[in-house]
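# structure for this input, please:
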Amino acid sequence: MGGTCFLFEEDTENAAPEGQQTTLKKTAGPPCTDNFQIKNFTFEGKQWQSVEQCYQAMKYTDDKTQELLRTYLPYKLESEWQYGCRVWELGQCRPPSRPEWGTRKVEYMYQINVAKYLAYPELQQELLATGNKLIKGAPSTGNWEIYNGLIQTRIRHEIRQGVLGEEMLSGAALDAALKEPVMLWVEKGLL
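Below is the predicted model:
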């Protein structure tokens, strides 16, 4: 599910006593970290309204279901949150038909987010402005609170390196790249 990710950094104003775990200050992340954010982009040759809409559609291999989700547009006065919840709910109406979905869903979320960032250089700058703060997803279903933060962290790294979209990670390479920040999360008490 969506929701702006959270940023964590050492709280220098309320430092932990010596020998205790560092106190972290939690703030809301930028809007670009929200999978419900409405920003048109292209993925696999089709236009999408949001990362969440595209992600829900990718669960299915048949064109009819994908097209139903793709053409499910936001209402005139609907918030991004309301629209995101509607497309999330529509994506729950039946089990995924993509046979490898369970092992590739994080890969799809990463690739869809990359497509959004490639379409909007200003969103890349917004993500870079988070500096070196830890990024963790908003409370969500499954393990998406963890995955969303790891995906945003990975994309920020790729933007910094100037390689965003050059080599779309998948499989074991993506798993390894997403695990890099986990030890820091554990060290800082986020996991």
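
# pLDDT value on the most centrally placed residue in the chain, please?
Taking C-alpha atoms, centre = their mean as the criterion, residue 148 is the residue nearest the geometric centre of the chain, at 3.9 Å. Looking at residue 148, its pLDDT reads 96.

# now do the same contact list for it.
With contact taken as C-beta atoms under 8 Å, 6 or more residues apart in numbering, residue 148 is in contact with 5, 33, 35, 109, 136, 137, 138, 140. Glycine gets a C-beta too; all of them are placed from N, C-alpha and C.

# what do you get if the cut-off is 10 Å, keeping everything else the same?
Applying C-beta atoms under 10 Å, 6 or more residues apart in numbering, one finds that residue 148 lies in contact with 1-5, 29, 33-35, 51, 106, 109, 113, 135-138, 140.

# filter the residues you listed down to the ones in helices?
Counted as lying in helices by DSSP state H, out of the contacts of residue 148, are 51, 106, 109, 113.

# give me every residue that touches the residue nearest to the second one when sequence neighbours are not counted.
Nearest residue to residue 106, sequence neighbours excluded (C-beta to C-beta, 6 or more residues apart in numbering): residue 147, at 5.3 Å. Listed by C-beta under 10 Å, 6+ apart, the contact partners of residue 147 are 105, 106, 109, 110, 137, 140, 178.

# same deal with residue 154?
By C-beta under 10 Å, 6+ apart, the contact set of residue 154 is 110, 113, 114, 135, 169, 174, 177, 178, 180, 181.

# let's see it at 6 Å
Residue 154 makes contact with 177, 178 under the criterion C-beta atoms under 6 Å, 6 or more residues apart in numbering.

# part of a strand, is it?
No - Residue 154 is assigned helix when assessed by DSSP: H, G, I helix; E, B strand; the rest coil, not a strand.

# what separation do you get for it and residue 60?
Distance, residue 154 to residue 60, using C-beta to C-beta, to the nearest Å: 26 Å.
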